[in-house]
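Colleague: Mind looking at a prediction? Sequence and model below.
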Amino acid sequence: MEGTSPADLETRQALQSLADIVLPQPVAWWPQTWGWALLALVVAALIVLAVWRWLHHRRINRYRREALALLADLEQTGHGGQPGSVQAVAELLKRVVLAAWPREEVARVSGAAWVKFLRDHAGGAMIADEAAALLADGEYRAAPPRDRLSEQQFRALIDTARAWIEKHRVPA
């Protein structure tokens, strides 16, 4: 080893004269202008409003979820076609109506007026004439008009009640 060569000395001096790499400032997470801050505030307000509306909608439709659960239970626990099944479905629909409308308006409605009320507020759900006849007569009757409903009749009644519970509209 003879020592350092002139090229190494020049290279070393050139390297020592170099300045360090200047890194840019990190990007701030907080908005730098009031416009971005205002936009962030508006977006946060819209998110809060959307969450509030979702919770409100969920709370006011709680009776629908509970009624649909009761209807599913009624469908599965052996009431299908049994005496009293029409009365149970009609009673459930009346309970749904009493949960959504003022009692003074709907508690006394029965028979053809009851079916008309259901059809007027169906919100797109169809109530077939056979199901309407069962609901008109079955609300206060302990036994169905016939001794026993066929499985198809009971299924149609359950489907009608389910569609009405899901789609009915309550006037504001």
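Modeller: Cool, the structure landed.
Colleague: Any regions of the protein where pLDDT drops low?
Modeller: Along the chain, the parts satisfying pLDDT under 70 run over 1-4, 6, 78-81, 83, 140-148.
Colleague: would you list every one of the helices in it?
Modeller: 6-17, 34-60, 62-76, 85-100, 103-106, 111-120, 129-138, 151-167 (DSSP state H).
Colleague: Residue 24 is nearest to which of those?
Modeller: Smallest distance to residue 24 across these (CB to CB): 19.4 Å, for helix 34-60. For glycine as for every other residue, the C-beta is placed from the backbone atoms N, C-alpha and C.
Colleague: How far off centre is that closest one?
Modeller: Its chain's C-alpha centre and that of helix 34-60 lie 18 Å apart, by CA atoms, centre = their mean, to the nearest Å.
Colleague: one step back: and of the helices of the chain, who's closest to residue 25?
Modeller: Nearest to residue 25, of the helices of the chain and by CB to CB, is helix 34-60 at 17.3 Å.
Colleague: Kindly calculate the angle that that closest one makes with helix 85-100.
Modeller: Angle, helix 34-60 to helix 85-100, by axes from the mean of the first three to the mean of the last three CA atoms, to 10 degrees: 140 degrees.
Colleague: how much does helix 34-60 deviate in direction from helix 62-76?
Modeller: Using the same axes, to 10 degrees: helix 34-60 against helix 62-76 is 40 degrees.
Colleague: Number the chain from 461, please
Modeller: With the count now opening at 461, the last piece we talked about shows up as helix 494-520.
Colleague: What is helix 494-520 packed up against?
Modeller: Contacting helix 494-520 under the criterion 3 or more CB pairs under 8 Å, 6 or more residues apart in numbering; DSSP states H and E is no other helix or strand.
Colleague: Would you mark the buried spots in it?
Modeller: Residues of helix 494-520 classed as buried: none (neighbour count, 16 or more other CB atoms under 10 Å).
Colleague: Could you pull up the residues touching the residue most central in space within the chain?
Modeller: Residue closest to the mean C-alpha point of the chain, counted by CA atoms, centre = their mean, is residue 518 at 6.0 Å. Residues in contact with residue 518 (CB atoms under 8 Å, 6 or more residues apart in numbering): none are found.
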